[in-house]
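Visitor: Quick check, what structure comes out for this input:
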Amino acid sequence: ESGNSSGVQTSLLIAIALLVAGLRFLNPLFITLSAVALSCAIGFTGTHHSGTHLSAAIAASLFCFAVASLALAVGRLQFRRPSYDQMLSWLVVIMPLCGYLWLEGEYVVWVAMESLRGATFIRLLPVLMLVSFGVIALIVGIHRRTHAPLIAFIVCVGCVGYELRNLTGLSLKMRLICGGIATLFLTIGLD
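Guide: Modelled structure (predicted):
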């Protein structure tokens, strides 16, 4: 438990330091890393309880998607400095990927399989979150004519494709061909 609390404290300290540096220098990398460190602090809160690690990972993932959604919503405002737009763009693109990675951790998958046998909700949660955020990002990106939401949509599609990789019994070669064709049609449609 002391290792857990020190991990949470360290993550919070890193998040605060990166946030201060990011706001001081208007650096999108530091702001994004600050949000990632804060999600780590949320995720580390459940590591000392065997049953709550899954819920802590889900909470960390929900935090990541909430930050991305908030950045997407705030992105409609006009700022005087382009660095504010860059900070929001980085959050829109990176945080859904971070949220997906929280749900795909090996330990979380193991806990889900051991404690929640047959619970399809845990297996469908990443797909549902990615699809919902991806569709919203696509609509916002087309409406605003900005690149970051469209890139976030592409990231979400890639994660959903990876999540659905074992859906069929096709060989790897055929799955790659089908994925390439789907990607080609998707890019033609977006163009």
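Visitor: what's the burial count for H143?
Guide: Per other Cβ atoms under 10 Å, the neighbour tally for H143 reads 10. Any C-beta I mention is one placed from the backbone N, CA and C, and that applies to glycine too.
Visitor: Helices along this structure, start to end?
Guide: 2-25, 28-44, 53-74, 82-103, 106-115, 120-144, 147-163, 172-190 (DSSP state H).
Visitor: Correct me if wrong: L19 contacts S34.
Guide: Yes: L19 lies in contact with S34 (Cβ atoms under 8 Å); the separation is 4.1 Å.
Visitor: Could you check which of these two is surrounded by more residues?
Guide: For L19 versus S34, the count of surrounding residues by other Cβ under 10 Å is larger for S34: 22 against 17.
Visitor: Determine the number of other residues adjacent to S171.
Guide: 9.
Visitor: For C178, see how far away it is.
Guide: With distances taken as Cβ to Cβ, to the nearest Å, S171 is found 11 Å from C178.
Visitor: now S11
Guide: 40 Å.
Visitor: Please apply the same query to L26.
Guide: 43 Å.
Visitor: cool, I154 as well?
Guide: 18 Å.
Visitor: ok, the two, which is more surrounded?
Guide: Ranked by neighbour count (other Cβ under 10 Å), I154 and C178 place I154 first, with 19 against 13.
Visitor: Much appreciated, bye for now.
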